[in-house]
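Peer 1: Here is a sequence with its predicted model. Questions after.
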Amino acid sequence: MSTKARILEVAAALVAESPNGDVSTRAVCEAAGVGAPALYRHFGDKEGLLSAVVDHGWEKYLATKRERRPGTDPVQDLRDGWDSHTEFALRNPNLYRLMNSPAMRTPPAAALESHQILTADLQRAAEQGKLCLAPELAAQIIMSANVGVALMLVSRPATFTDKTVSRRVRDAVHAVVFTPDVTGSGTPATATPGETGVPATATRLGALLRQTPSPAFTPAETGLLTEWLDRLSNTPTEDTPVA
């Protein structure tokens with residue numbers, strides 16, 4: 001094992017074992033059996049070392065995502081993806097908090113890849129007519145909610161003691177982004193068929209258009225039509241509460 005890899009492995013282990021998720025460069029050097037110059041040569045400073053630990057954490061998280069083959073039901077894949085995300089956070093609380101720390105000013109490439117995997121699953125759901133928002137917006141909603149509930153579970157375990165919280169939040173969020181027939185939530189009493197049908201239809205048409213652009217349109221026309229369809233998908237109806 002190279003010196004750099006040994007320092008990184010030791011730092012990740014110390015972060016996991018630390019009561020508050022923080023480590024000192026001195027402790028890392030002592031545990032790795034190297035001098036401070038070696039650490040600074042490979043990582044620059046403590047922030048660079050922690051950034052490398054974050055990258056290591058994201059790679060660990062994405063390992064299971066990359067190995068997963070898409071199933072025939074993208075909605076079930078998305079449910080499983082939410083649950084595996086929460087389980088990873090609970091197994092690696094210190095690492096997870098560090099991975100989602102606002103102090104990390106530049107998102108790792110692996111974090112963007114995670115978002116792309118989520119968006120791709122939502123794209124498949126849209127192509128099957130199961131999504132009532134554009135995949136990009138749905139991905140933002142799901143990711144922010146999943147990260148939020150996972151952070152609460154690992155940061156405030158004494159308060160968030162109910163093990164069903166993550167699943168309940170998942171189902172509530174999915175009821176917003178998926179069509180009522182998928183979630184079993186039924187059509188809201190205040191909504192007309194057009195209010196629920198238009199967004200879902202626009203979302204599906206937009207997804208299919210992205211997958212297979214129509215030769216009837218120029219690229220500029222396709223882009224404009226996609227923009228209009230996304231606007232139909234994402235604009236709240238008068239009865240939809242907006243925070």
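Peer 2: Noted; the coordinates are in hand.
Peer 1: and the nearest residue to residue 46 once chain neighbours are set aside, what is it in contact with?
Peer 2: In space, and not counting its chain neighbours, residue 46 is closest to residue 25: 5.2 Å by CB to CB, 6 or more residues apart in numbering. C-betas here are computed from N, CA, C, even on glycine. Counting by CB atoms under 8 Å, 6 or more residues apart in numbering, residue 25 touches 36, 39, 45, 46, 49.
Peer 1: Residue 95 versus the third one, what's the distance?
Peer 2: Looking back up the chat, that one is residue 45. 20 Å (CB to CB, to the nearest Å).
Peer 1: out of these two, which sits in the busier spot?
Peer 2: Neighbours per residue (other CB atoms under 10 Å) separate residue 45 from residue 95, with residue 95 holding more: 23 against 11.
Peer 1: Name the next helix or strand downstream of the one helix or strand the more buried one maps to, please.
Peer 2: Using DSSP states H and E, residue 95 sits in helix 93-99. Going down the chain from helix 93-99, the next helix or strand is helix 109-127, by DSSP H and E.
Peer 1: Got phi/psi on the residue lying farthest from the centre of the chain?
Peer 2: Residue farthest from the centre of the chain, counting by CA atoms, centre = their mean, is residue 35 at 37.5 Å. Note on residue 35: its backbone torsions stand at phi -90, psi 160 [degrees, to the nearest 10].
Peer 1: Just name the shakiest helix or strand of this protein by mean pLDDT.
Peer 2: Lowest by mean pLDDT, DSSP states H and E among the helices and strands of the chain is helix 193-211, with a mean of 71.
Peer 1: could you say what helices and strands it packs with?
Peer 2: If contacts are counted by 3 or more CB pairs under 8 Å, 6 or more residues apart in numbering; DSSP states H and E, helix 193-211 sits against helix 109-127, helix 219-234.
Peer 1: quick one: the shortest one to helix 193-211, angle?
Peer 2: Helix 219-234 and helix 193-211 meet at an angle of 150 degrees, taking axes from the mean of the first three to the mean of the last three CA atoms, to 10 degrees as the criterion.
Peer 1: same deal with the longest one?
Peer 2: Between helix 109-127 and helix 193-211, the angle formed by their directions is 120 degrees, by the same axes, to 10 degrees.
Peer 1: before we move on, back to that, can you list the helices and strands packed on helix 193-211 in CSV and add mean neighbour count, distance to residue 167 and mean pLDDT?
Peer 2: Shown next, in CSV, are these (neighbours: other CB atoms under 10 Å; distance: least, CB to CB, whole Å; pLDDT from 0 to 100):
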stretch, mean neighbour count, distance to residue 167, mean pLDDT
helix 109-127, 19, 18, 90
helix 219-234, 15, 26, 83
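Peer 1: Quick check: the residue farthest from the centre of the chain touching residue 28?
Peer 2: No: contact between residue 35 and residue 28 fails when scored by CB atoms under 8 Å: they sit 11.3 Å apart.
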